[in-house]
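>>> Everything below, folded, please.
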Amino acid sequence: MTAKEMLDKLLKAYGVYYDVERRHPAPPFAAEAAFRSHTEQYFLVRRARLAEAESNEYVYFALEEALTVPLLRALDGAAWNAGTARIAPHRDHRNSDVTLLVLASRVDPDAAALVPKLKHYQSYHFGFQGWSHFRLAVVEADTGKIYCNRQAKTLRAFLKRNLA
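All right, here's what the predicted structure looks like:
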């Protein structure tokens, strides 16, 4: 399966719950997806609100022929900056995560070794207005190998299931 075919399958899977943007994504990316969730808890009537929570996830898809260390660092920085620019922390904000999925035909061994080391974390107002984590997963189309950082370990099963 080629990287482009993988991208099509993943966008179809993400399209069930996420708002997928394929026509005009941020410049270095092939597509992006956004998930927004807002929950409320109240007592008897809606005006007696006990709690609210807002969670977001911004996913960026990169399609590359050969993934090298400089390219991975550039994609990493671009995804984190684009994702955190969309975050507006407030009292009911819980978390907003940024995810980068790189689909490459070939992955340089140095780039594969760097993937688990790339991480970002941001807390807003000492965590009282939420936080952001960074997930990174790289899929090598030629071999089918999946490389993830620690935050994206749960994403590995999703990728295996949808790319099989």
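
>>> How about the contacts made by residue 27?
Contacts of residue 27 were listed using CB atoms under 8 Å, 6 or more residues apart in numbering, and they are residue 78. For the C-beta atoms, the positions are set from N, CA and C on the backbone; glycine is no exception.

>>> So for it, what pLDDT did the model give?
Residue-level confidence at residue 27 comes out at 87, pLDDT.

>>> Correct me if wrong, but residue 39 is in a helix.
No - in this structure, residue 39 is strand, not part of a helix, as judged by DSSP: H, G, I helix; E, B strand; the rest coil.

>>> Can you say which helix or strand has the closest residue to residue 10 other than its chain neighbours in it?
For residue 10, ignoring the flanking residues on the chain, the nearest one in space by CB to CB, 6 or more residues apart in numbering is residue 162 at 6.1 Å. In this assignment (DSSP states H and E), residue 162 forms part of helix 153-163.

>>> hmm, who's touching that helix?
Against helix 153-163 from outside (CB under 8 Å, 6+ apart): 1, 6, 9-10, 13, 99, 101, 135, 137, 139, 144, 146, 148.

>>> Show me which pair in those is furthest apart.
For these, the farthest-apart pair by CB to CB is 1 and 135; their separation is 22.2 Å.

>>> Could you check which of these two is surrounded by more residues?
In this comparison of residue 1 against residue 135, neighbours counted by other CB atoms under 10 Å, the higher total goes to residue 135 at 22 against 14.

>>> picking up where we left off before, any idea how far residue 14 is from the residue nearest to residue 10?
Residue 162 sits 9 Å away from residue 14 when distances are taken as CB to CB, to the nearest Å.
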